[in-house]
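1. Provided below for reference: sequence and predicted model.
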Amino acid sequence: PDKRQRTMSAPQKKSEVNELRTLLRTPEIQRDVTKYREVAQKVIMYMTLGIDVSPLFSEMIMASATDDLVQKKLVYLYLCNYAESHSELTLLAVNTLQKNCRDPNPVVRGLALRSMCSLRVPNLVEYILAPVQDGLRDKSPYVRKTAVLGCLKLFYTSEAIVQECALADTLYGLLTDKDALVVANCVAALEEILATEGGIVLTKDITYTLFNRLRELPDWSQCVVMGVLARYVPSTDDETFDILNILEDRLKHANSAVVLSATKLFLYFTRNMPDVCDDVLERLKTPLITLMTASAPEICVTLLQHIELLVARKPTLFASEFKAFFCRYNEPTYVKAKKLQILTLIAAPGNTETILEELGAYVTDIDVDMARKSIRAMGRIAARQPAIMDHVISMMLAFQELDISYVTAETLCVLRDVLRRFPDRAARIVPSLEPVASSSVLEEETEARAALIWILGEFGEQLDDAPYLLEAFVDAVAGETAAAVRVQLLTSTVRLFFARPLEMQRTVGKLLRHCIGEESNNDVKDRALLYYRLLQTGIDNARAVIVGPAGGGAAEFLEHSTASKENLIDEFNTLSVVYGVPSSEFIIQAPPYNTVGTGRKVLIDQFSKQSAAPVFTAPAPAPAAHAAPSRAAASLLDLDMGPTAPAPPRAPAFELEALSDLKPADFERIWVGGGVGATIKEPLLRLPSVPEIEGLLTRRGVCMMASGDPVNGVIRIFFHAKEKGGAAYHLVEANLDVTHSLLSANFKSSQPAHVPDFAAIFRHTLHAAGLIEM
């Protein structure tokens, strides 16, 4: 059969819509409940396929007057999808929705109320308010929980009406509702409605009520409520212990999200109690290991990330449970890799030998990446415990006898790092490397070749054939593709020349001749010229620079740093732990959290005022305090470096806060009250999206207040920023001309004298992102 995807042309789409209109208007179909429902289903199917069925709006409104619950759901879905584009016609469906909000069936009441609140048409707010208030007092918990979320939707449509009717106070009263879902929805709604005020106010009574009702809530609601309760600060140690006792059974929950949320509360409430913290960590150990061993791989790796964070706080926490982190044959590579990292951290004198044996078994694993990481992990363990260094060296030398290229390559890299930290082990390691150096197992291993060449250069005095082994590499330097290997070969050859000059003189000359005369890589060529000129000044001078003083100390090449992990403990049970970076580096979240839809269009209507203003001109750079030095004096090497670079732009006289706390009413007041202080108009090098511009400027402290849909090819966006350490606010009206790829912006400020500097910050941010030229 032909499986090619068929596309529908515009005439076909039009004929289909006309056919549906005819069917919806046919009296026979309207009298047949089943056929009427099937036509409504066909309309929704076309809508989900991306076909514009908005011309059927009037017919679908008529179809909402039915007793069939399925058809009601279909029609309400259609209305919510097209209400914004047909706001005037949507008013015709309000009577039906209001009537259904008084239906005896609570399912019908809840469905109608949810659909009304989802219309999000500002003109209908007055019709929605009364059903929402009635829903908050409804006898059915289903209707009440729907009305609670309706308050939140109403808030994003019209914040003023929610404040005027004190719906937040009503939601506070519902925190003691008999139904747990109503309570959970109230917490979530209040957190967003009161976001600018810091969220829900956690009094002692509210906090204890929420703690005592945790077990009644669904899993997701428990996580939301516990995330809010993390802000509560117990007044006494006894109160802390009472809260922990309530949370005890949440650690036994089957859902990993609930367990991690409870774990976060345990850590938060005991962070200032060092004498209790260790006991709490011991209590958290068993639930986390149980979940880790029984969960899906995706959940397992998330739990391992959090376990690694706890290990950073107390390395011996999981030392007795180390076998739980042994890898299983059917686990994905990312789970195995994370387990190897944890095994490296929890290795202690009592379990190191067993862990090393297990890691040694992974070396011959069919997964090459797993084998490499196992060898590296053994090296890190040895670096953390020098007492077992000799045992690890013996294992590394034994692995080389396996004659597996990637195993030999990784052992060379580990042995190189061992010699950097423990050069006294060279007498045991270096003689065993001669068979490896003379074989061809490293042809595909760039880092391993560089490691071997480094060892020969540093410890070649202890190997009789070291000059001849390096000579073989020099003879093949023309065919060496890796610049890092050529640089290392150059350094090692010169270093060994200082130790064994008679044997290395010819080899050094040959290599320098090639690197200076035939090398195409600038780094290698510059290094060769440097060595050549140093050697011309004298052997002793060159040795002092290239070799340096002995006993310079060993760097911690093999250590696995956990310092950065410790800083993430405050963001436990968030994506920061999974990503390994603070949340501020990948997300900036500020109220209002919902910035899509009609709410922003209202702001656009309030603040959009065009006015003429002089074009902004960047301030002239300040004159130099002293005369510039002559060109001969400025160029130490007397090289012609071309024209002098322009002076950097003057630094602004102020810095911006990371987030501006300006409210819409204050934005309107400043915008209406002041004149335009500056205007810029820049051609765009590329056309960005609105979210991209928002992200760029938000990271600089310039937050977006509102944006609208394109009008005649122009998207209007409003931004605001606050000066650090002051009360000055800066406002921007940006017009993104999609048709002509232009960006113009009008600037206003509560501190007009600072407008030029703020405009310079705005332009520099866009320039740094490659959007405009300076």
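-> Structure's in. What do you need?
2. which stretches of this structure have low pLDDT?
-> With pLDDT under 70 as the threshold, the chain has low-confidence stretches at 1-14, 549-567, 589-653, 675-676.
3. let me see the ranges of the strands in it.
-> Listed from the start of the chain, the chain has strands (DSSP state E) covering 678-683, 703-707, 714-722, 729-737, 742-749.
4. buried residues, stretch 179-192. List them.
-> Under the neighbour-count criterion of 16 or more other CB atoms under 10 Å, stretch 179-192 has 180-192 buried. All C-beta atoms are positioned from the backbone trio N, CA, C, and that covers glycine.
5. what's in contact with it?
-> Outside of stretch 179-192, the residues that reach it under the criterion CB atoms under 8 Å, 6 or more residues apart in numbering are 141, 144-145, 148-149, 151-152, 155, 168, 171-172, 174-177, 199-200, 209-210, 213, 216-218, 221, 224-225, 228, 591-594.
6. mark which of those are buried, thanks.
-> 141, 144-145, 148-149, 151-152, 155, 168, 171-172, 174-175, 177, 199-200, 210, 213, 217, 221, 224-225, 228, 591.
7. for the stretch 101-250 of the chain, just list every one of the helices.
-> Counting by DSSP state H, counting those that start in this stretch, the stretch 101-250 of the chain forms helices over residues 106-119, 125-136, 141-157, 159-164, 167-173, 180-193, 204-212, 219-229, 237-247, given from the N-terminal end onward.
8. turn those into TSV, including distance to residue 583.
-> Written out in TSV, the entries for the helices of the stretch 101-250 of the chain read as follows (distance: least, CB to CB, whole Å):
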stretch	distance to residue 583
helix 106-119	30
helix 125-136	34
helix 141-157	23
helix 159-164	26
helix 167-173	27
helix 180-193	17
helix 204-212	24
helix 219-229	13
helix 237-247	24
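9. which one of the ones you listed lies closest to residue 759?
-> Distances from residue 759 to each of the helices of the stretch 101-250 of the chain were compared by CB to CB, and the smallest falls on helix 159-164, at 30.3 Å.
10. of the strands of the chain, which is nearest residue 267?
-> Set against residue 267 and scored by CB to CB, the strands of the chain come closest in strand 703-707, at 31.4 Å.
11. list the helices and strands the closest one packs on?
-> Contacts defined by 3 or more CB pairs under 8 Å, 6 or more residues apart in numbering; DSSP states H and E place strand 703-707 against helix 598-607, helix 664-673, helix 690-699, strand 714-722.
12. could you find the closest non-adjacent residue to residue 314?
-> Spatially, and ignoring its direct neighbours in sequence, residue 314 is nearest to residue 281 (5.5 Å; CB to CB, 6 or more residues apart in numbering).
13. ok, now residue 303?
-> For residue 303, the nearest residue in space outside its immediate sequence neighbours is residue 292; the separation is 4.5 Å by CB to CB, 6+ apart.
14. count the neighbours of that neighbour for me.
-> Residue crowding around residue 292 was assessed by other CB atoms under 10 Å; the count is 21.
15. so who does it touch?
-> In this structure, residue 292 makes contact with 300, 303-304, 307, 324, judged by CB under 8 Å, 6+ apart.
16. most surrounded residue in those residues?
-> Going through the contacts of residue 292 with other CB under 10 Å as the criterion, the one with the most neighbours is residue 307, at 26 neighbours.
17. and the residue nearest the centre of the protein?
-> residue 586 (3.9 Å; CA atoms, centre = their mean).
18. mind checking which of the contacts of residue 292 land in helices?
-> Residues of these located in helices (DSSP state H): 300, 303-304, 307.
19. if we can go back for a sec, residue 516 is nearest to which of the helices of the stretch 101-250 of the chain?
-> Of all these, the one in closest proximity to residue 516, counting by CB to CB, is helix 219-229 (63.9 Å).
20. the closest one versus helix 237-247: what angle between them?
-> Helix 219-229 and helix 237-247 meet at an angle of 170 degrees, taking axes from the mean of the first three to the mean of the last three CA atoms, to 10 degrees as the criterion.
21. and for helix 219-229, what's in contact with it?
-> Applying CB under 8 Å, 6+ apart, the external contacts of helix 219-229 come out as 180-181, 184, 187-188, 191, 199-200, 202, 207, 210-211, 214, 217, 250, 253, 255, 257-258, 261-262, 264-265, 573.
22. again with stretch 102-114
-> Applying CB under 8 Å, 6+ apart, the external contacts of stretch 102-114 come out as 69, 72-73, 76, 97-98, 100-101, 131-132, 135, 138-140, 142-143, 146-147, 149-150.
23. next one: it to chain centre, how far?
-> Centroid displacement of stretch 102-114 relative to its chain, using CA atoms, centre = their mean, to the nearest Å, is 41 Å.
24. 9 is where my numbering starts, stick with that
-> Let's use 9 as the start, then, which means that last one is stretch 110-122.
25. quick one, helices of the stretch 259-408 of the chain?
-> With helices called from DSSP H, counting those that start in this stretch, the stretch 259-408 of the chain shows them at 264-277, 282-302, 305-321, 341-354, 360-370, 376-392, 397-408.
26. mind checking how far residue 749 is from residue 692?
-> Separation of residue 749 from residue 692 (CB to CB, to the nearest Å): 5 Å.
27. so the two - more neighbours on which side?
-> Comparing residue 749 with residue 692 by other CB under 10 Å, the one with more neighbours is residue 692, at 18 against 12.
28. so who does residue 471 touch?
-> For residue 471, the contact set (CB under 8 Å, 6+ apart) comprises 438-439, 441-442, 464, 477.
29. any of those buried? List them.
-> Buried by 16+ other CB under 10 Å: 438, 441, 464, 477, out of the contacts of residue 471.
30. switch those over to JSON lines; also include distance to residue 514.
-> What follows is the buried ones among the contacts of residue 471, written out as JSON lines (distance: CB to CB, whole Å):
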{"residue": "438", "distance to residue 514": "23"}
{"residue": "441", "distance to residue 514": "23"}
{"residue": "464", "distance to residue 514": "17"}
{"residue": "477", "distance to residue 514": "15"}
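31. now, which of those lie within helices?
-> 464, 477.
32. ok, of the buried ones among the contacts of residue 471, which one's closest to residue 705?
-> When the buried ones among the contacts of residue 471 are compared for distance to residue 705, the smallest value, 54.0 Å, is given by residue 464; criterion: CB to CB.
33. what about that closest one, distance to residue 455?
-> Between residue 464 and residue 455 the computed distance is 15 Å (CB to CB).
34. look up phi and psi at residue 779.
-> Geometry field for residue 779 lists phi and psi as phi -90, psi -40, criterion degrees, to the nearest 10.
35. again, but for residue 595
-> Reported as degrees, to the nearest 10, the phi and psi values for residue 595 are phi -160, psi 140.
36. with residue 322 instead?
-> With angles defined as degrees, to the nearest 10, residue 322 shows backbone torsions of phi -140, psi 90.
37. quick check: it touching residue 287?
-> No: applying CB atoms under 8 Å, one finds residue 322 not in contact with residue 287, separated by 11.2 Å.
38. looking at those two now, which is surrounded by more residues?
-> residue 322 (15 against 11).
39. measure that one to residue 432 for me?
-> Computed as CB to CB, the residue 322 to residue 432 distance reads 33 Å.
40. one more: residue 474?
-> For residue 474, the distance to residue 432 (CB to CB) stands at 18 Å.
41. residue 505 too?
-> With distances defined as CB to CB, the gap from residue 505 to residue 432 amounts to 24 Å.
42. so these two - more neighbours on which side?
-> Higher neighbour count among residue 505 and residue 432: residue 505, with 27 against 7, using other CB under 10 Å.
43. the closest residue to the more buried one other than its chain neighbours: neighbour count?
-> Using CB to CB, 6+ apart and skipping residues adjacent in sequence, the residue nearest residue 505 is residue 512, 4.0 Å away. The burial metric for residue 512, expressed as a neighbour count using other CB under 10 Å, is 23.
44. for residue 485, which of the helices of the stretch 109-258 of the chain is the nearest?
-> Among those, helix 227-237 comes nearest to residue 485, with 60.1 Å by CB to CB.
45. can I get that closest one as PDB, trimmed to CA atoms?
-> As requested, C-alpha coordinates have been extracted for helix 227-237 and formatted as PDB (Å, rounded to 0.1, in the frame of the first residue of the first chain):
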ATOM      1  CA  ASP A 227       2.200  12.100  44.800                       C
ATOM      2  CA  TRP A 228       2.600  15.200  42.700                       C
ATOM      3  CA  SER A 229       0.700  17.400  45.100                       C
ATOM      4  CA  GLN A 230       2.900  16.100  48.000                       C
ATOM      5  CA  CYS A 231       6.000  17.300  46.100                       C
ATOM      6  CA  VAL A 232       4.500  20.700  45.500                       C
ATOM      7  CA  VAL A 233       3.400  21.200  49.100                       C
ATOM      8  CA  MET A 234       6.800  20.000  50.500                       C
ATOM      9  CA  GLY A 235       8.500  22.400  48.200                       C
ATOM     10  CA  VAL A 236       6.500  25.200  49.700                       C
ATOM     11  CA  LEU A 237       7.000  24.000  53.300                       C
END
